[in-house]
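Colleague: predicted structure and sequence below. I'll ask about it afterward.
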Amino acid sequence: GTWDTPFALVAARQGPDVGVTVSTWSEGLWPGSFDVRAGWDGKRPESLGLLFAERGIYRPGDRVWLKGISRYLQLGELRTPPAGLPVQLTVHDPEGRKLVEHTLKFSDFGTFSTQIDLPAEAALGGWSVQATATLGEEDLSLFGSFRVAEYRAPSFRVDVDTSRTALVAGDPVGGTVDARYLYGAPLAGARVTWSLSRTTAEFAPPGQDGFSFGQQLGWWDDEEPGTLSGVCGGGAGEIDPQGIFPVVGGLAETPGTRSYEYTLEAEVTDVSRQRVAARSSFTVHPSSLHGGVKLAEDGFARAGQPLAVQLVAAHADGTRQAGVALTLDLLRREWTSIREQEASGEWVTRSEPVETKVTSCTQQSALEPVTCSFVPAQPGLYVLQLSLADAQGRATRTRTSLYVVGEGWVAWQRQDAGRLELVADRERYPARGVARILVKSPYPEAEALLTVEREGVRLARRVHLVGSATTLEVPLDESLVPSALVG
């Protein structure tokens with residue numbers, strides 16, 4: 001496929017030193033580690049599209065309608081297969097036996113459709129569908145699936161109602177399970193089991209564009225914090241004569257002062273052992289207030305220059321609250337890295353973060369953003385940590401980060417792959433502008449090769465890096481729309 005790495009072996013010699021590398025050695029540098037897809041040969045068409053059935057599950061003997069929508073990517077252009085191009089459709093049962101083989105043709109819109117009749121003794125399980133067309137010397141392939149099962153429609157329905165869509169830590173958690181036959185009679189005496197689970201959720205009050213809320217920074221690296229989830233309650237009982245079962249789930253909790261999405265799920269079993277389940281979700285906040293942090297100016301801050309940070313306190317509905325005590329701490333994060341030898345004899349790098357408090361600022365919130373100003377003296381990764389509490393004393397915290405560039409040394413996180421991390425100064429750019437790229441260099445001084453790639457290498461130049469927080473400027477134009485890779 002176009003994702004296969006071409007084989008190349010390179011050796012270099014300088015005096016008594018010899019270095020050898022092979023293109024198939026990735027060591028953490030394969031394209032997926034940079035969240036990009038590999039495409040070594042842009043001239044070969046890369047198949048894209050959908051192949052699906054009109055519903056997901058069927059009984060033996062049912063008729064199945066299948067539809068395909070095909071496109072292919074070639075040299076950066078999304079194209080439609082020629083009308084009338086033959087496409088071979090095959091259907092296999094769960095045991096791999098071929099049931100159907102049809103020859104179809106693409107329409108003017110790159111689509112095709114057909115129908116198949118499942119035999120009365122069709123095997124139960126997942127069935128696979130594949131469509132293949134030959135374009136020049138290359139194949140375009142689409143894949144799909146559907147399920148065949150013996151099932152019967154439910155004779156009753158279950159609803160879970162949690163009444164409120166948002167709670168605050170300490171509020172009682174509960175709901176009701178309503179079980180009724182489809183004609184309306186209550187399913188009295190039916191067995192019900194329920195569970196309550198939670199997972200961390202990102203939340204930002206509406207109308208606060210540009211402000212960061214909640215935990216936007218993890219502890220072990222510069223990425224988003226990990227997801228926390230688990231089951232926090234459960235029980236069983238019987239549906240009462242009115243078709244209702246009340247659920248009491250205790251008090252809401254928000255470990256780590258983060259917002260959570262709680263899910264109440266109930267399963268009801270009738271006398272024929274048929275089971276029907278339903279669920280309902282709601283958000284639990286650590287406090288009735290949320291703290292927002294926003295840099296007054298986009299992009300990187302510079303060491304030795306003033307940095308202005310705007311702060312707000314807002315309720316979950318977006319209403320701002322005045323008179324709330326705000327504390328903003330500025331922390332500088334560095335990493336302590338060591339090399340350790342494992343039991344296998346292999347040497348690995350261990351990096352642990354260390355956060356040092358640089359300074360802090362206190363303010364009273366207002367209906368308009370209030371400002372704290374700092375002058376960071378050194379380059380590196382800084383953490384903005386905003387703390388506040390509501391009238392009931394329930395605390396909440398927002399953690400986000402910014403990069404400060406300039407001269408000086410930064411102990412960045414180290415990896416065994418030896419890869420450099422690049423950070424863009426913003427997420428989106430105008431078609432004609434300049435992108436500023438931070439190079440997290442582990443060397444006081446180095447020579448590097450800068451490339452800009454989109455369907456091939458668009459720019460390549462040699463650059464001289466001085467310091468560990470150097471920024472490079474990359475000119476942009478329409479040829480890089482909608483995205484480009486900088487390396």
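Modeller: It's in. Residues are numbered from 1 along each chain as shown.
Colleague: where in the stretch 151-300 of the chain is pLDDT low?
Modeller: Along the stretch 151-300 of the chain, the model assigns pLDDT under 70 to residues 218-225.
Colleague: rerun at 90
Modeller: Residues of the stretch 151-300 of the chain meeting the criterion pLDDT under 90: 151-153, 163-166, 215-228, 256-257, 297-299.
Colleague: what ranges do the helices span in it?
Modeller: Assigned by DSSP state H, counting those that start in this stretch, the stretch 151-300 of the chain shows no helices.
Colleague: what ranges do the strands span in it?
Modeller: Using DSSP state E, counting those that start in this stretch, the strands of the stretch 151-300 of the chain run over residues 156-161, 166-168, 172-181, 191-200, 229-238, 244-251, 260-269, 275-285, 289-295.
Colleague: can you give me the buried ones in the fifth one?
Modeller: Which is strand 229-238. 232-233 (16 or more other C-beta atoms under 10 Å). For every residue, glycine as well, the C-beta is placed using N, CA and C.
Colleague: what's the angle from it to strand 244-251?
Modeller: On the basis of axes from the mean of the first three to the mean of the last three C-alpha atoms, to 10 degrees, strand 229-238 is oriented at 140 degrees to strand 244-251.
Colleague: same question for the longest one.
Modeller: Relative orientation of strand 275-285 with respect to strand 244-251: 30 degrees, computed using the same axes, to 10 degrees.
Colleague: one more: the first one?
Modeller: In this structure, strand 156-161 runs at an angle of 30 degrees to strand 244-251, with the same axes, to 10 degrees as the basis.
Colleague: and strand 156-161, C-alpha only, in CSV?
Modeller: Only the C-alpha atoms of strand 156-161 are listed here, as CSV (Å, rounded to 0.1, in the frame of the first residue of the first chain):
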residue,chain,number,x,y,z
PHE,A,156,-42.0,-3.4,26.7
ARG,A,157,-39.9,-0.3,27.0
VAL,A,158,-37.7,1.2,29.7
ASP,A,159,-37.0,4.9,30.3
VAL,A,160,-34.5,6.4,32.8
ASP,A,161,-35.1,9.9,34.0
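Colleague: ok so, going back, ok, which of the strands of the stretch 151-300 of the chain comes nearest residue 343?
Modeller: strand 229-238 (31.6 Å; C-beta to C-beta).
Colleague: contacts for the closest one, please.
Modeller: 173, 189-200, 245, 247, 249-250, 253, 262 (C-beta atoms under 8 Å, 6 or more residues apart in numbering).
Colleague: may I see the PyMOL selection of the buried members of these?
Modeller: Selecting only the buried entries of those in PyMOL, with 16+ other C-beta under 10 Å as the criterion:
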select buried, resi 173+190+191+192+193+194+195+196+197+198+200+245+247+249+262
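Colleague: quick revisit: JSON lines please, covering the strands of the stretch 151-300 of the chain and showing distance to residue 17.
Modeller: Formatted as JSON lines, these follow (distance: least, C-beta to C-beta, whole Å):
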{"stretch": "strand 156-161", "distance to residue 17": "68"}
{"stretch": "strand 166-168", "distance to residue 17": "64"}
{"stretch": "strand 172-181", "distance to residue 17": "65"}
{"stretch": "strand 191-200", "distance to residue 17": "49"}
{"stretch": "strand 229-238", "distance to residue 17": "50"}
{"stretch": "strand 244-251", "distance to residue 17": "66"}
{"stretch": "strand 260-269", "distance to residue 17": "55"}
{"stretch": "strand 275-285", "distance to residue 17": "59"}
{"stretch": "strand 289-295", "distance to residue 17": "46"}
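Colleague: nearest to residue 57, out of those strands?
Modeller: When the strands of the stretch 151-300 of the chain are compared by C-beta to C-beta, strand 275-285 sits nearest residue 57, at 15.7 Å.
Colleague: list the contacts of the closest one.
Modeller: Residues outside strand 275-285 that contact it (C-beta under 8 Å, 6+ apart): 154, 156-162, 164-169, 171, 173, 175, 177, 179, 198, 201, 203, 252-254, 259-269, 316, 396.
Colleague: mind doing that once more with 7 Å?
Modeller: Applying C-beta atoms under 7 Å, 6 or more residues apart in numbering, the contact partners of strand 275-285 are 154, 156-162, 164-169, 175, 201, 203, 252, 254, 259-269, 316.
Colleague: out of the strands of the stretch 151-300 of the chain, which is closest to residue 307?
Modeller: Residue 307 sits nearest to strand 289-295 of all the strands of the stretch 151-300 of the chain, at 7.6 Å, using C-beta to C-beta.
Colleague: show me what the closest one is packed against.
Modeller: Counting contacts by 3 or more C-beta pairs under 7 Å, 6 or more residues apart in numbering; DSSP states H and E, strand 289-295 is packed against strand 307-315, strand 380-389, strand 395-405.
Colleague: strand partners of the helix or strand just after that strand, parallel vs antiparallel please.
Modeller: Using DSSP states H and E, the helix or strand that follows strand 289-295 in sequence is strand 301-302. The strands that strand 301-302 pairs with in its sheet are strand 395-405 (parallel) (by DSSP bridges).
Colleague: who's in contact with the partner strand?
Modeller: Under the criterion C-beta under 7 Å, 6+ apart, residues 212-217, 222, 257, 286-287, 289-293, 295, 300-303, 376, 379-389, 423, 438, 469, 471 lie in contact with strand 395-405.
Colleague: after that strand, which helix or strand is next?
Modeller: Per DSSP H and E, the helix or strand that comes after strand 395-405 is strand 421-424.
Colleague: can I get that following strand in PDB, CA atoms only?
Modeller: Extracted as PDB, the C-alpha positions of strand 421-424 are listed here (Å, rounded to 0.1, in the frame of the first residue of the first chain):
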ATOM      1  CA  GLU A 421       9.000  18.300  19.500                       C
ATOM      2  CA  LEU A 422       7.700  21.200  17.500                       C
ATOM      3  CA  VAL A 423       4.900  23.500  18.800                       C
ATOM      4  CA  ALA A 424       3.000  26.000  16.600                       C
END
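Colleague: right, I'll call it a day here.
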